[in-house]
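Asker: coords please:
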Amino acid sequence: MSSTAHPVRPIGTGSIGTDPVRIGVVTVSDRASQGVYEDKGGPAIIATLTRLIVSPWVAESRVIPDDRDGIAATLAGLADETGCGLIVTTGGTGPAPRDVTPEATEQVCDKMMPGFGELMRKVSLQVVPTAILSRQTAGIRGSCLIVNLPGKPSAIDDCLMAVFPAIPYCLDLIGAGRIDTDPAVCRSFRPGS
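Answerer: Numbers count the residues shown, from 1 in each chain. Down below sits the predicted model:
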């Protein structure tokens, strides 16, 4: 378990000077959690978020095995105890028997947000025909948005860049912390802005 603070860059408005938003970054992988290979998914998420977000935020990173109950407990803990307003997962979204991240996400969410998965698959299909095998989804638990991404680092960036324009406003609507993006990288949408 680790936390990494990301300082605010000199761009953006709104949340300068406020407490940083906590963002859960969860890699779901049996082999990465056992140290068989290096986790590249979590760092890919953090790299993309670092490019996107100009307001203060802290990454709460976890690398866990493909275990439905363990995934559900990690997501619930990050939302309820750690206070994450956003959790981004990578891995476990395919059709293999151990791929259970979407099921664990549904288990802990109050509302599902299927549009996230639909857009991510649409974007991924422009790159690889096997994107139809991916079961990315998103949901809301209290005042936390949970977004499941695929495991491949390049797909992580493509998918996160596709859905992120809607994420800051979603966080506003559910009462999570405010996130401001660098408009040169991602123009997030807020009505009236």
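
Asker: tell me the spacing between I179 and A166.
Answerer: With distances taken as Cβ to Cβ, to the nearest Å, I179 is found 11 Å from A166. C-betas here are computed from N, CA, C, even on glycine.

Asker: of these two, which one has the most company?
Answerer: Neighbours per residue (other Cβ atoms under 10 Å) separate I179 from A166, with I179 holding more: 27 against 18.

Asker: backbone torsions only: list them for the more buried one.
Answerer: phi -120, psi 130 (degrees, to the nearest 10).

Asker: please save the CA atoms from stretch 174-189 in CSV.
Answerer: Only the C-alpha atoms of stretch 174-189 are listed here, as CSV (Å, rounded to 0.1, in the frame of the first residue of the first chain):
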residue,chain,number,x,y,z
ILE,A,174,-21.9,12.9,-6.3
GLY,A,175,-20.2,15.2,-3.8
ALA,A,176,-16.6,14.1,-4.3
GLY,A,177,-13.7,16.5,-4.3
ARG,A,178,-13.2,18.9,-7.2
ILE,A,179,-10.8,18.0,-9.9
ASP,A,180,-9.6,20.5,-12.5
THR,A,181,-7.9,19.4,-15.7
ASP,A,182,-5.3,21.0,-17.9
PRO,A,183,-7.4,22.3,-20.9
ALA,A,184,-4.5,21.8,-23.2
VAL,A,185,-4.6,18.0,-22.4
CYS,A,186,-8.3,17.4,-21.6
ARG,A,187,-11.1,19.9,-21.7
SER,A,188,-13.5,18.6,-19.0
PHE,A,189,-17.1,19.5,-19.4
